[in-house]
Each structure stands twice: as structure tokens, then as C-alpha cells.
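Student: After the sequence you'll find the predicted model.
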Amino acid sequence: MNEILTKNQFFVKEHVGMFKAANSYDILDLESQQPLLECREPNLGFFTKMFRFTKYKTQTPFDIEVKDGVGQGVLRLTRGVSLFRSTVQVFDGSQRLVGKFRQRILSLGGKLDVLDPNDQVICTIEGKLTSFDYKFVRDGEQIALVTKKWMGLGKELFTSADNYVISIEPTVAANDSIRAMIVAAALCIDMVFAE
């Protein structure tokens, strides 16, 4: 696991764009605001670009590459076309499957199961209907929270850019593989629910 993923707090900043099809994020250290990771979608197909400007945006496929400051791969999130529920695969820098997110159908506020590579549920992500707060729950305890951080009403009204804070509980071990899934979740939640 990449050393960056051992941190407990991150700030996810989506790049501002009025007419952009590809998703682009930076993950910063919450305290220092120093860039840690960059998340890009470099291989976006023509038809996917076209559908990103329609009401079917949340159903389009994606392939997001997460790299560190020197261009080394840290994570990769992929999903095919989503008709009824999303299943997002998360790979590490060596392209080994770390886990999956599987959307639950008919859940108020949004809910995802976090699966290990063998499709066993290891925790759930539970959203709130009234706000953009998604908590990771494992064995009945909250281990992390992804929440939207508003940067100003004017900016949010006229662009599709969103910002998120990831907070991982200090009780989660630095080498716990769930950390990669928590960081990937902020991007996944944005693509599956918020777009």
C-alpha cells in the first residue's frame, strides 16, 4: 500500500469546469493543502463524452487513474455502463484488485457495500438523505466519513465542481487495506450519486 494512504485526513478537490466531460480531482493534505494525489480520466471515449452532457451522466462508464506526485499509479477505479446499480472495481498501483463498491438499490440517501476481492462484504457506506455525509460502518462502528465541504454558494451554483473531506478514524491501522477503499470512495460517491 502506498504510504500516502496511511494519512487520516484528505481534502478532495474537483477541478472546476463549465463544459467538461472527463472527471478530474486533486487529493490534498487537509492541514497543509499540499497536493498528494491527482485523479484523472485520460481515456474517455467519444460516446461516453457525449452522454456525460445528458441526464444519463451517472450511468456512463469511467476509468479514473490516481497517481502520486511523481506519476506512480496508486489506485484505479473502473466501472462499465450502469443501468440499475453500479459496481465499481478498485485496483492498486500494481493493477491488483483491492475491492469493489456495489450500489444498493432503493436505499434512501444512497448506500454502497464495500466488497473484498472475493465479493465478501467488509463494510458498508451509508449516506444521509438530507446532506452529503457518507459514513463507513464496519462491525457496527464508524471507521471513516466522507463529507461535502462547501467552497461558496456562487461557485457551487455555476459549476459542477464539488469538494470533499475524508476523515479516517485513528483506530484504523495504517496498513489496513480498507484505507485504499475509503480514499477511492470519495471519487466513487461523486460519480455514482452526486453527478
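Tutor: In hand now; what should we look at?
Student: Next SSE downstream of the least confident helix or strand in the chain by mean pLDDT?
Tutor: Across the helices and strands of the chain, mean pLDDT, DSSP states H and E gives its lowest value to helix 153-158, namely a mean of 44. Next helix or strand after helix 153-158 toward the C-terminus (DSSP states H and E): strand 163-168.
Student: Show me what that next one is packed up against.
Tutor: Helices and strands touching strand 163-168, as assessed by 3 or more C-beta pairs under 8 Å, 6 or more residues apart in numbering; DSSP states H and E, comprise strand 9-14, strand 141-148, helix 178-189. All C-beta spots, glycine's among them, are computed from the backbone N, C-alpha and C.
Student: and the angle for the helix or strand following the first one with helix 178-189?
Tutor: Going back to what we said before, that points to strand 9-14. Remark: after strand 9-14, the chain's next helix or strand is strand 24-29, criterion DSSP H and E. For strand 24-29 against helix 178-189, the angle by axes from the mean of the first three to the mean of the last three C-alpha atoms, to 10 degrees is 140 degrees.
Student: still on that earlier bit, out of the helices and strands packed on strand 163-168, nearest to residue 94?
Tutor: Residue 94 sits nearest to helix 178-189 of all the helices and strands packed on strand 163-168, at 11.9 Å, using C-beta to C-beta.
Student: what is the rounded mean pLDDT of that closest one?
Tutor: Averaged over helix 178-189, pLDDT sits at 88.
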